[in-house]
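1. Next comes the sequence, and after it the predicted model I'd like to discuss.
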Amino acid sequence: GAGVSQSPRYKVAKRGQDVALRCDPISGHVSLFWYQQALGQGPEFLTYFQNEAQLDKSGLPSDRFFAERPEGSVSTLKIQRTQQEDSAVYLCASSLAQRASNQPQHFGDGTRLSIL
Amino acid sequence: DAKTTQPTSMDCAEGRAANLPCNHSTISGNEYVYWYRQIHSQGPQYIIHGLKNNETNEMASLIITEDRKSSTLILPHATLRDTAVYYCIVRFLTDKLIFGTGTRLQVFP
């Protein structure tokens, strides 16, 4: 079966440009997560959706970061006015169950974002 | 979530068992132990999780000590494709995973 799909796989943007990263979760998965992974570090939580509701956005580093999941399936992470420190791999994960469960999260292979 | 401590790196010969330790001395009674791994240029891959009993699946075994303050992930017959960073995470009914820096396992021929 299909796993979590992310696109584009690589994105290069100039500083100050806006970017949009897409995540297609596993079909039927209720929960969706975004993580940011800097080079040589473990992933860090950004935000969490249960269906279309964004229940936790405590990890978003600034108001330039915005995520949405309008129909409870595909999600988009948008970064406005990109800066060099935004360069990282952005990972999406989905989970079958609703919040506060011990169902494992399944990850996509991420989008590698480079800001010049 | 409780903090975990893992060795920075380990080596293992191909075909031998790889035993990856994790300390989580501040774990509380309802926190689960999760293991993920990340192969270069891929997203983290779920391996196994457990609460207090030992667990086994097609990928690995998880041994949790009786006091639950430490655990060991066992890959019974390591292959070159098991070379990866392995993350031990302690989690209790929270939405997010908190990753540390993990253990870099190198399997050599």
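-> That came in fine, so what should we check first? Numbers count the residues shown, from 1 in each chain, chains lettered A, B, ... in the order given.
2. List the contacts of residue 88.
-> If you meant another chain, say so; for now it's chain A. A:Ala88 makes contact with A:Gln36, A:Gln37, A:Ala38, A:Leu39, A:Arg112, A:Leu113 under the criterion C-beta atoms under 8 Å, 6 or more residues apart in numbering or on different chains. From N, CA and C alone the C-beta is placed, and that goes for glycine too.
3. I was thinking of chain B, sorry if that wasn't clear
-> B:4, B:6, B:20, B:22, B:24, B:33-35, B:71, B:73, B:100, B:102-103.
4. Which strand residues bridge the residue nearest to the spatial centre of chain A?
-> Closest to where the C-alpha atoms of chain A average out (C-alpha atoms, centre = their mean) is A:Trp34, at 3.1 Å. Beta-bridge pairing of A:Trp34 under DSSP bridges involves A:Thr47, A:Cys92.
5. I'd guessed it sits against A:Thr47; true?
-> Yes - assessed by C-beta atoms under 8 Å, A:Trp34 is found in contact with A:Thr47 at 5.1 Å.
6. list residues touching both of those two?
-> Common neighbours of A:Trp34 and A:Thr47 (C-beta under 8 Å, 6+ apart) are A:Ala67, A:Leu77.
7. which stretches of the chain have low pLDDT?
-> Unless you meant another one, I'm taking chain A. Within chain A, the stretches with pLDDT under 70 are A:1, A:99-100.
8. looking at chain B here, not the other one
-> Residue ranges of chain B with pLDDT under 70: B:1-2, B:93-95.
9. same thing but at 50, please
-> For chain B, no stretch has pLDDT under 50.
10. who in it is up against chain A?
-> B:32, B:34, B:41-46, B:49, B:87, B:91, B:93-102 (C-beta under 8 Å from any C-beta of the partner chain).
11. Which entries within those meet the buried criterion?
-> B:32, B:34, B:43-46, B:49, B:87, B:91, B:94-100, B:102 (16 or more other C-beta atoms under 10 Å in any protein chain shown).
12. got the residue ranges for the strands in chain B?
-> Assigned by DSSP state E, the strands in chain B fall at B:9-13, B:18-23, B:32-38, B:45-50, B:55-56, B:61-64, B:70-75, B:84-91, B:103-108.
13. Including distance to A:Ala2, could those strands go into TSV?
-> Converted to TSV, the strands of chain B look like this (distance: least, C-beta to C-beta, whole Å):
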stretch	distance to A:Ala2
strand B:9-13	32
strand B:18-23	30
strand B:32-38	20
strand B:45-50	15
strand B:55-56	27
strand B:61-64	27
strand B:70-75	26
strand B:84-91	22
strand B:103-108	28
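14. A:Asn102 against B:His49, yeah?
-> Yes - using C-beta under 8 Å, A:Asn102 makes contact with B:His49 at a distance of 6.9 Å.
15. Overlap in contacts, those two.
-> By C-beta under 8 Å, 6+ apart, the residues touching both A:Asn102 and B:His49 are B:Tyr32.
16. Look up how far chain B lies from A:Pro104.
-> Using C-beta to the nearest C-beta, to the nearest Å, A:Pro104 is found at 4 Å from chain B.
17. again but with A:Gln17, I slipped
-> From A:Gln17 to chain B the distance is 24 Å (C-beta to the nearest C-beta).
18. and that residue, what helix or strand is that in?
-> Counting by DSSP states H and E, there is no helix or strand that carries A:Gln17.
19. List the contacts of it.
-> For A:Gln17, the contact set (C-beta under 8 Å, 6+ apart) comprises A:Arg81, A:Thr82.
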